[in-house]
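Novice: Could you work out the structure for the sequence below:
(4 chains)
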2 protein chains.
Amino acid sequence: MNDQRREPGQASGQASGQMSGQISLADIAAEAGVSVSTVSRIANGDLGRASAATVAKVQKLIAERGYRPNPIGRSLRGGDSRLVAMLAPNLDNPAMAAIAASTEAALRAAGYVMILCDTHDRPDLQDEYLRAMRSRFAEGFIVVSAVASPELEASLDRREPIVFVNRRNPYGGGPFIGIDNRQAGADAADHLLACGVRAPAVIHPADLSSTIRERVEGFLDRLEERRPGLTVRRCDGPGGNHLDCGYAAAKRLTADGGWPDGILCPSDLMAYGLFRAAGEQGVRIPDDCRPVGIDDNDLNDWIAPWLSSVKIPYQLFGDAVVASLRDLRGGNSVGEVLLPHRLVRRQSDPTTVLTGYSPASPPRSGPAAG
Amino acid sequence: MNDQRREPGQASGQASGQMSGQISLADIAAEAGVSVSTVSRIANGDLGRASAATVAKVQKLIAERGYRPNPIGRSLRGGDSRLVAMLAPNLDNPAMAAIAASTEAALRAAGYVMILCDTHDRPDLQDEYLRAMRSRFAEGFIVVSAVASPELEASLDRREPIVFVNRRNPYGGGPFIGIDNRQAGADAADHLLACGVRAPAVIHPADLSSTIRERVEGFLDRLEERRPGLTVRRCDGPGGNHLDCGYAAAKRLTADGGWPDGILCPSDLMAYGLFRAAGEQGVRIPDDCRPVGIDDNDLNDWIAPWLSSVKIPYQLFGDAVVASLRDLRGGNSVGEVLLPHRLVRRQSDPTTVLTGYSPASPPRSGPAAG
DNA sequence: TTGAACATGGCAAACGTTTGCCTAAACTGT
DNA sequence: ACAGTTTAGGCAAACGTTTGCCATGTTCAA
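Specialist: Sure, this is the predicted structure:
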């Protein structure tokens, strides 16, 4: 009997690289006087391979010592790493944060750990993280607002499980979680028309992602459908940050021709940018110019009562992503999942910016008047 | 000579658990006709242990095949994992997102990968992640707004490298990155007094974290110092979400005694909650009640021109965190790092909510009038 | 000539798992 | 009693890496 049991970890002086104190299969096995295999099997629920007495003894030790299988060893062995990587552009964007939070919760419920990487919308960083996560045996990738990049293409070639969120696969195909962006644009158009807007406009980033393009097209098409021949002013701003972009685009748009009486901002952040530009020029929002956003950030209910916006149900994204990922890994080819959106009307009384609130409603659910 | 080289990965049909296609040391070794050890040493820059010819051959292969050492193998071996875990409560909070983004960038620059975990401010989830990350050989932990929990205490006992951000170690000691919260509270008090506020108040969560307590105390102490005997109304709201908390606390505060003419909201989110409560009651912000927040979320410059706030330089947190972590792992005992804050004045002209902007300034830097 | 020193590089253990296969012993049926 | 089956559990390989130690072969000085 091997009695010289290894001290598990034993803190080796300095705080060492590998966190000390982890109990391993070998520790349990030595103490129980059985082999690692036996402990491994019991720990994994294969109870039929050992006597009742052994099972009981090992289970007791596992519980007492608080043994938990080491995911690194497991990964290395080639099994599951229970690790999923999410690549998102700028965490600063509240919409991204909402997606990340929702997905994190769904993955955790499914027994996965999510590792969140901020790609800053840069193809090179997206590649860097794709590589880094692959070599950490990530079992799947969730790419929010993907950009085209060599490594992404390579990953697709290798049939790695990748779910695209918010923006379609730039190389086409693959599972996608999002909303019907054309319809959202159309809904925004309907809203502006219903509010009596006569001369609508639209601003958007100069480099159109599939998402934004669909929203703008849906908006324009619906306007053309309902008001044939109506000219809709349109202006773009620099790429990158949607706040800056909205600000710049609004200034460019209004530099010649003044302010429209209604405008589509294909993301809430662009609407925030426009709001600031309006403020600087003494233009009252929404009295003088009625914006409609897309996203409907949670903060709108609290501090942007002037903004009607198409609510994207980001809190539902998590479950959809996890389901897609599971299907994908199960070999099923999954297509798009389009989740339901709805326009949230605020600014019901144009005479003051503060009346969008509905005092009777509870704070978070915020139906926000009609 | 072992000529039957293993096909690296070879896609085994389905998208398999371990991402296929990774080149291993063994692949390079086989192709170069040398042993794994030799390749490992060369890959790690130990050039003196092989002939110039071998070194050249192996380096060429490494470059050609795009070999990158597998972090899992490395971790398992006991070396460095280059993995750092950040535990943050609710990613939804823009302040947390800012901290996460900044830290992520700093860690990446230092060659680390950050894994971001959303603890939802729950001790049990904090523990869960602490365990999960430890067994993934995280080399360090960054705990934002830590809460007391058994596993945290155990980690501290084991001298694991933990940096506390935003909220101090609930068990005392340890490196801390934050601001001088008492001073921030005092600055807020000075601001309100300078604005001519006569009857200031303060709202805060019922369960006071060290951070919030210091801010409130700094505020109250400064008021007492400059206006001895002045009674400052004070009210708390339910814990959890600061938006809801600010909303509820504002309603409770004003239910008896009406609205104060100035109020400290010890976080921006609480100010947002108060803003909504004010809106519902027809109270004009900041005309009737002047709030001052702490955080100064980036969005304030865009959509909350009514809110003056103490700016916490979250973009500087990343570097400070990484430096602390490095010191900690180097064996140095590091103390607190208090980064400079400053009050950002908005709402300069109380007659309209939209004049806080300074048209001359570039959008992002936003000095926002004085 | 004979060590010693050096150059070059391989062997094997170790990290923690999982799992196919093997070996005993015990039990079953005839 | 004996073949066959079941029960209980160990062996060892494999995943990818790092590194202490050993084994050659060469060079060099005394």
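
Novice: drop to CA atoms for contacts and neighbour counts, all remaining ones
Specialist: Fine.

Novice: Next, the closest residue to DNA strand C within the stretch 101-250 of chain A: secondary structure please.
Specialist: The nearest approach of the stretch 101-250 of chain A to DNA strand C comes at A:Phe137, 12.8 Å away (CA to the nearest atom of the strand). Assigned state for A:Phe137: coil (three-state reduction, DSSP: H, G, I helix; E, B strand; the rest coil).

Novice: Around it, how many other residues sit close by?
Specialist: Using other CA atoms under 10 Å in any protein chain shown, A:Phe137 has 28 other residues around it.

Novice: Starting from A:Ser145, give me the distance back to the most centrally placed residue in chain A.
Specialist: What sits nearest the mean C-alpha location of chain A, by CA atoms, centre = their mean, is A:Ile99, with 2.8 Å. According to CA to CA, to the nearest Å, A:Ile99 stands 11 Å off from A:Ser145.

Novice: A:Asp80 now?
Specialist: 27 Å.

Novice: Same question for A:Asn44.
Specialist: Here A:Asn44 is placed at a distance of 38 Å from A:Ser145 (CA to CA).

Novice: Check A:Arg345 too.
Specialist: From A:Arg345 over to A:Ser145 the distance is 27 Å, taken as CA to CA.

Novice: do the same with A:Glu153
Specialist: 15 Å.

Novice: more neighbours, those two?
Specialist: Counted by other CA under 10 Å, A:Glu153 and A:Ser145 do not tie: A:Ser145 has more neighbours, with 21 against 15.

Novice: Do a quick rundown of the strands in the stretch 101-250 of chain A.
Specialist: Ranges of strands within the stretch 101-250 of chain A are A:113-118, A:140-144, A:162-165, A:176-179, A:200-205, A:233-237, based on DSSP state E, counting those that start in this stretch.

Novice: So for A:Ile285, which of these sits nearest?
Specialist: Nearest to A:Ile285, of all those, is strand A:200-205, at 14.4 Å by CA to CA.

Novice: packing partners for the closest one?
Specialist: Counting by 3 or more CA pairs under 8 Å, 6 or more residues apart in numbering or on different chains; DSSP states H and E, the packing neighbours recorded for strand A:200-205 are helix A:210-226, strand A:233-237, helix A:242-255, strand A:262-264.

Novice: Pairing partners for that strand, with directions?
Specialist: Strand A:200-205 has the following strand partners under DSSP bridges: strand A:233-237 (parallel), strand A:262-264 (parallel).

Novice: Please convert those strands to a markdown table, extending it with mean neighbour count, mean pLDDT and distance to B:Ala277.
Specialist: Converted to a markdown table, these look like this (neighbours: other CA atoms under 10 Å in any protein chain shown; pLDDT from 0 to 100; distance: least, CA to CA, whole Å):
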| stretch | mean neighbour count | mean pLDDT | distance to B:Ala277 |
| --- | --- | --- | --- |
| strand A:233-237 | 19 | 96 | 35 |
| strand A:262-264 | 27 | 98 | 28 |
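
Novice: can you list those strands in TSV and add distance to DNA strand D?
Specialist: Compiled in TSV, these are given as follows (distance: least, CA to the nearest atom of the strand, whole Å):
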stretch	distance to DNA strand D
strand A:233-237	45
strand A:262-264	51
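
Novice: thinking again about what came up before, out of the strands of the stretch 101-250 of chain A, nearest to B:Val216?
Specialist: Nearest of those (CA to CA): strand A:113-118, 33.9 Å.

Novice: quick one: strands adjacent to that closest one?
Specialist: Going by DSSP bridges, the partners of strand A:113-118 are strand A:83-88 (parallel).

Novice: So is the partner strand next to DNA strand C?
Specialist: No - shown here: strand A:83-88 not in contact with DNA strand C (CA under 7 Å from any atom of the strand), separated by at least 14.4 Å.

Novice: quick one, that strand and strand A:140-144 angle?
Specialist: Comparing the axes of strand A:83-88 and strand A:140-144 via axes from the mean of the first three to the mean of the last three CA atoms, to 10 degrees yields an angle of 10 degrees.

Novice: Render the CA-only coordinates of strand A:83-88 in PDB, please.
Specialist: Extracted in PDB, the C-alpha atoms of strand A:83-88 (Å, rounded to 0.1, in the frame of the first residue of the first chain):
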ATOM      1  CA  LEU A  83     -15.800  26.400 -22.400                       C
ATOM      2  CA  VAL A  84     -17.500  28.600 -24.900                       C
ATOM      3  CA  ALA A  85     -15.900  31.800 -26.200                       C
ATOM      4  CA  MET A  86     -17.900  34.900 -26.900                       C
ATOM      5  CA  LEU A  87     -16.300  37.500 -29.200                       C
ATOM      6  CA  ALA A  88     -17.900  40.800 -28.900                       C
END
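
Novice: Excluding chain neighbours, what is closest to A:Pro161?
Specialist: In space, A:Pro161 comes closest to A:Gly140 once its chain neighbours are excluded; the distance is 5.0 Å by CA to CA, 6 or more residues apart in numbering or on different chains.

Novice: Quick check: the one you found touching A:Glu160?
Specialist: Yes - here A:Gly140 reaches A:Glu160: they are 7.1 Å apart, a contact under CA atoms under 8 Å.

Novice: higher neighbour count, these two?
Specialist: Shown here are A:Gly140 and A:Glu160; by other CA under 10 Å, A:Gly140 has more neighbours (28 against 25).

Novice: Check that one and give its pLDDT.
Specialist: Per-residue confidence at A:Gly140 stands at 93 (pLDDT).

Novice: One more: A:His191?
Specialist: 97.

Novice: Contact partners for it?
Specialist: By CA atoms under 8 Å, 6 or more residues apart in numbering or on different chains, the contact set of A:His191 is empty.

Novice: near DNA strand D, which residues of chain A?
Specialist: Counting by CA under 7 Å from any atom of the strand, chain A sits next to DNA strand D at A:33-38, A:48-52, A:54-55, A:73-74, A:76-78.

Novice: any idea how far the residue of the stretch 51-200 of chain A with the smallest separation from DNA strand D is from A:Leu328?
Specialist: Closest to DNA strand D within the stretch 51-200 of chain A is A:Arg77: 3.0 Å, counting by CA to the nearest atom of the strand. Taking CA to CA as the measure, A:Arg77 falls 22 Å from A:Leu328.
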